[in-house]
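Enquirer: Need a 3D model of the sequence below.
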Amino acid sequence: MTTTTLAVLVPFLPFLGAAAGLLLGRAAPGFVRPLAVLPTLGALALAVVVALRQGGDQAIDSATELTPTGSVPIELALHIDGFAALVAVVVGFVATCVQIYSTGYLRDDPRYPSYAALVSLFTSAMLLVVYSGDLIVLLVGWEIMGICSYFLVGHYWETPEARAASIKAFLVTKLGDVPFLIGLFALATDAGSFRITKVLSTVASGGLDHPTLIALLLLAGVAGKSAQFPLHTWLPDAMAGPTPVSALIHAATMVAAGVYFVARLLPVFQASSAAMIVLAVMAAVTMVGSGVAALAQDDIKRVLAYSTMGQLGYMTGALAVGDRGAAVFHLLSHGAFKALLFLAAGVIIHATGTNSLAAMSRMRHLADRVPDAYWTMTVALLALAAIPPFSGFFSKESVLGAAEHVATGHTEQAPGAAGWTVLVAGLVAALLTAAYATRLWLLTFRGQGTEAPDHGRQPLTMTVVLWVLAVPSLALGGFAYRTLPDWFDGRDLTPTLTTSVLGTGVALIGGIVVYGAWRHTRATAARVPLGAVAAHPEGDAGLVEAEAIASHEPAYGDVAYAPDPADPGRLLLGPLHRHAADGFHLDAVYSTVFVRPVQAAATLVRFLDREVVETYVRGAGALPRWLGAAVRRAQTGNVQTYVSALLAGTVVLAVAAVLVATGA
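Expert: Residues are numbered from 1 along each chain as shown. Alright, predicted model coming up:
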């Protein structure tokens with residue numbers, strides 16, 4: 001079988017699994033789990049074969065015209081280079097792990113058949129984006145992922161949080177997709193084709209007439225899909241969905257699509273220095289802002305959501321300095337350890353019975369109760385914090401090294417300002433990442449909250465997946481930075497001494513500072529009676545969660561809890577904590593700037609429609625009705641009355657005629 005045929009089957013198998021799952025889910029429930037796992041596993045196996053055959057050599061290109069358009073043709077095209085081959089393997093690997101894990105996590109969920117089918121469709125759409133060589137076909141996969149995210153985030157539609165989160169995710173990403181679509185058509189107009197290879201050749205020959213406009217329009221869609229500032233607000237709320245969905249979205253699909261799109265069309269963005277600087281600023285704001293926000297979150301999944309935004313910021317930062325090899329390297333590494341983080345969080349949620357949310361301040365003695373999650377999440381957090389020799393260290397240092405080369409003028413593939421912006425923000429984000437990763441580990445596994453009821457051991461399908469993902473989280477980076485350059489245009493991914501020392505140094509500082517603050521707040525809280533804690537003002541060193549402690553709100557069903565007062569986030573952030581916990585009130589800003597004016601305009605239109613337009617319509621109908629009533633009253637049916645009226649009218653006309661004649 002040819003490589004092209006195998007590549008076509010890679011996205012097609014999960015699509016068939018999704019269709020069969022939707023059709024047979026209720027009629028043959030025994031086939032639901034095999035239909036969820038086997039097609040995705042088959043797609044993974046084929047993606048590995050395609051990657052081995054491609055081998056990082058010349059890209060595999062194949063195309064057939066879908067239908068005559070009369071102008072710019074739309075083709076069912078494949079363009080598989082080293083980047084696409086490896087990303088497809090990661091997508092298939094993470095999706096397979098999620099499907100296997102979900103068989104245990106959602107084993108009692110009555111809507112599991114539709115859930116599994118949507119996950120398969122989600123996977124198929126992302127694989128279509130990865131392999132597609134035509135921008136319109138890529139757009140199809142891009143939009144299918146948006147629809148799937150709407151249904152999967154809203155899986156628990158009985159809860160208002162899930163309903164609101166699904167709508168928000170759909171609307172915010174669509175807000176970016178509108179200029180994205182315009183940018184695609186503008187790009188195809190300048191290039192004369194939607195084929196990616198022809199677009200890139202047009203860029204290489206200087207044939208783009210509006211590079212800055214096109215790049216900025218495309219970046220709007222990337223910001224929405226990859227949750228980058230300012231269209232990032234949907235991602236933390238999307239945690240209302242099932243935890244395996246969060247793992248899939250954050251690690252291998254949806255948010256990775258925007259980064260992959262820029263990597264594939266990087267020369268288009270490099271054609272505009274202004275676009276590269278905008279991309280660098282967007283990445284810098286996202287990295288730093290999400291790090292501060294993560295340090296203030298209490299829900300473990302929201303911490304991981306903000307973490308994803310920051311790590312995507314590293315990827316877009318690498319793209320902003322023109323190094324797509326470093327960006328995709330971090331995408332691959334991040335896919336493994338972020339999937340592990342979310343699935344380990346799912347084990348914690350499953351063990352404590354908190355459904356979709358897990359407040360870290362409420363946890364106690366979890367290290368002993370969920371040892372698999374404890375050890376594997378520790379590995380994943382070390383990778384997230386970029387501590388050597390874990391995978392995140394090598395991939396993150398490749399980003400910082402690329403930024404340093406541009407900032408110091410060693411390479412000129414991007415403006416120097418973009419290099420300095422990404423380098424400084426990346427170092428600050430490295431400190432913040434280690435800080436919130438340490439805080440998450442301390443509060444989750446060493447917390448002093450009220451112990452939740454024990455819901456028993458987790459299914460084997462859940463715990464085995466954690467250890468499978470722990471292997472690449474630990475070993476992928478050290479292996480990949482030596483072998484991936486052959487797949488990534490020969491770009492050197494070896495960590496540089498300067499950024500390695502700086503990055504690791506600030507990460508260690510961030511972790512040590514948080515640990516010290518945790519010890520301080522824990523010791524202070526132990527000396528203060530519970531009632532006295534609530535009397536102290538918010539932000540007083542060590543006396544944290546005062547309002548929550550005083551209220552003793554229920555955490556797990558009817559079980560009362562006392563949140564852990566030893567939260568170093570409040571001590572370190574001080575007055576900034578309240579604002580960071582609310583995402584710096586960007587939702588309120590958008591509500592004031594966009595939502596309320598639209599609602600006011602809608603109210604005005606409704607008023608005009610009701611009071612003006614409807615009044616006119618009612619008046620237009622009343623006049624004929626009044627005339628008809630008057631004429632109806634004249635129709636008495638009495639012949640004498642009609643003759644009398646006729647004679648009277650004749651007399652009036654005669655008199656009028658005489659008067660006119662006399663006047664003449």
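Enquirer: pLDDT of stretch 512-525, averaged?
Expert: The average pLDDT for stretch 512-525 rounds to 88.
Enquirer: Identify each buried residue in the helix or strand where residue 278 lies, please.
Expert: Assigned by DSSP states H and E, residue 278 belongs to helix 273-294. For helix 273-294, the neighbour count (16 or more other C-beta atoms under 10 Å) marks 275-294 as buried. Quick note: C-beta positions are derived from backbone N, CA and C, even for glycine.
Enquirer: Stretch 207-224 too?
Expert: By neighbour count on 16+ other C-beta under 10 Å, the buried set for stretch 207-224 is 208, 210-211, 213-224.
Enquirer: Out of the residues you listed, which sit inside helices?
Expert: 211, 213-224 (DSSP state H).
Enquirer: Between the two ends of stretch 229-248, how far is it?
Expert: In stretch 229-248, first residue to last residue: 21 Å (C-alpha to C-alpha, to the nearest Å).
Enquirer: chain center to it: distance?
Expert: Using C-alpha atoms, centre = their mean, to the nearest Å, the mean C-alpha position of stretch 229-248 is found 6 Å from that of the whole chain.
Enquirer: quick check: mean pLDDT across that stretch?
Expert: Mean pLDDT, stretch 229-248: 93.
Enquirer: try stretch 372-379
Expert: 95.
Enquirer: what's that stretch in contact with?
Expert: 337, 340-341, 344-345, 347-348, 351, 366-367, 390, 441, 444-445, 458, 463, 466-467, 469-470, 473-474 (C-beta atoms under 8 Å, 6 or more residues apart in numbering).
Enquirer: Also stretch 185-198?
Expert: 59, 61, 63, 72-75, 77, 79, 132-136, 138, 184, 199, 202-203, 207-210, 213-214, 217-218, 264-265, 268.
Enquirer: From those, which land in strands?
Expert: Using DSSP state E, the subset of the contacts of stretch 185-198 located in strands is 61, 63, 74-75, 77, 79.
Enquirer: any idea which helix or strand comes after the host helix or strand of residue 403?
Expert: For residue 403, the element it lies in under DSSP H and E is helix 391-407. Using DSSP H and E, the helix or strand that follows helix 391-407 in sequence is helix 416-445.
Enquirer: low pLDDT regions in the stretch 551-664 of the chain?
Expert: Scanning the stretch 551-664 of the chain for pLDDT under 70 picks out the ranges 551-565, 664.
Enquirer: And residue 614, how close does it get to residue 42?
Expert: 60 Å (C-beta to C-beta, to the nearest Å).
Enquirer: Quick check on those two: which one has the bigger neighbour count.
Expert: Using other C-beta atoms under 10 Å, the more surrounded residue of residue 614 and residue 42 is residue 42, with 18 against 11.
Enquirer: how far off strand 74-80 does the helix or strand containing the more buried one point, in degrees?
Expert: For residue 42, the element it lies in under DSSP H and E is helix 32-54. When axes from the mean of the first three to the mean of the last three C-alpha atoms, to 10 degrees is applied, the directions of helix 32-54 and strand 74-80 differ by 70 degrees.
Enquirer: pull the CA atoms of helix 32-54 into CSV?
Expert: Extracted C-alpha coordinates of helix 32-54, given in CSV (Å, rounded to 0.1, in the frame of the first residue of the first chain):
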residue,chain,number,x,y,z
VAL,A,32,-19.1,1.2,21.7
ARG,A,33,-15.8,0.9,23.4
PRO,A,34,-14.1,-1.1,20.6
LEU,A,35,-15.4,1.4,18.1
ALA,A,36,-13.9,4.2,20.2
VAL,A,37,-10.5,2.7,20.8
LEU,A,38,-9.6,0.5,17.8
PRO,A,39,-10.1,3.0,14.9
THR,A,40,-8.0,5.6,16.8
LEU,A,41,-5.4,3.0,17.6
GLY,A,42,-5.3,2.0,13.9
ALA,A,43,-4.9,5.6,12.9
LEU,A,44,-1.9,5.9,15.3
ALA,A,45,-0.3,2.7,13.8
LEU,A,46,-0.7,4.1,10.3
ALA,A,47,0.6,7.5,11.3
VAL,A,48,3.7,5.8,12.7
VAL,A,49,4.2,3.9,9.4
VAL,A,50,3.7,7.2,7.4
ALA,A,51,6.3,8.9,9.6
LEU,A,52,8.8,6.1,9.2
ARG,A,53,8.3,6.1,5.4
GLN,A,54,8.6,9.9,5.3
